[in-house]
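In: Fold the following and give me the result.
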Amino acid sequence: LTQLGYLLPTGTCLVDISERSHRYAMYKVGPVLSISHGMGIPSAGILLHEVIKLMYHAGVKDPIFFRIGTCGGIGLPPGTVVVTEEAVDGRLRPVLDTIILGKVVSRKAKLDLGLAKNLVSTGLEEDEFLTVLGKTISTDDFYEGQGRLDGAICEYKESDKMAYLQEVASKG
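Out: Here you go, the predicted model:
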């Protein structure tokens, strides 16, 4: 709160303002709306549809959205903070496919590179972790989509997973 220049009034505590929806947790502090949507693109998509409508009806102009979450890293030390410069799907394409009325619609994954660079610049030399720009892969499935071997269904071998990870690494 201090970094936002916002002082929570004495006796006030943060309250989940969407508590009754049971969809996600939402907190507002000053000009910042922080929302936890759960895991993955499907729940993020639901949240974005609903929050974008909320912003429109509230008269918010030019809102900035960014997602914070965990990820694995290829070729980076553990604990590295990666700010996405390009988001790709499981086929390494910078698009999000969605099915609308029975047809696949591909939408470009658009990011604000200036915002990403500003976020990276907040990293400090004395931090105990690196903050870097990088690509992010997003899939619709936590287990198979991410090449995990420990799911209930796994129809590939570790060598298949490693070949895919080598392809990912070769494409940056």
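In: mind listing what's buried in stretch 118-129?
Out: 119-120 (16 or more other Cβ atoms under 10 Å). C-beta here means a position set from N, CA and C on the backbone, and glycine is covered the same way.
In: Show the end-to-end separation of that stretch, please.
Out: 17 Å (Cα to Cα, to the nearest Å).
In: Kindly report the same for stretch 74-94.
Out: 18 Å.
In: Please work out the average pLDDT along that stretch.
Out: For stretch 74-94, mean pLDDT rounds to 92.
In: which outside residues touch that stretch?
Out: Contact with stretch 74-94 is made by 71, 73, 95-97, 106, 108-109, 111, 113, 116, 119-120, 123, 128-140, 145, 165, 167-169, 171, as judged by Cβ atoms under 8 Å, 6 or more residues apart in numbering.
In: Over to stretch 165-172?
Out: 74-75, 92, 135, 137, 147.
In: rerun at 6 Å
Out: Residues outside stretch 165-172 that contact it (Cβ atoms under 6 Å, 6 or more residues apart in numbering) are 74-75, 92, 135.
In: With stretch 43-55 instead?
Out: By Cβ under 6 Å, 6+ apart, stretch 43-55 touches 24, 37, 63.
In: Tell me which residues of it come out buried.
Out: So, applying 16+ other Cβ under 10 Å, buried residues of stretch 43-55: 44, 47, 50-51.
In: For the protein, give me the ranges with low pLDDT.
Out: 1-4 (pLDDT under 70).
In: in it, which spans are helices?
Out: 40-57, 113-121, 158-170 (DSSP state H).
In: OK, contacts around the residue nearest the centre of the chain?
Out: The residue lying closest to the centre of the chain (Cα atoms, centre = their mean) is R67, at 3.8 Å. With contacts defined as Cβ under 6 Å, 6+ apart, R67 is in contact with no residue.
In: go again using 10 Å as the cut-off
Out: R67 is in contact with 35, 37, 44, 47-48, 84, 87, 136, 138, counting by Cβ atoms under 10 Å, 6 or more residues apart in numbering.
In: could you check the distance from it over to I52?
Out: As judged by Cβ to Cβ, to the nearest Å, R67 and I52 stand 14 Å apart.
In: I'm done for today, thanks for sticking with me.
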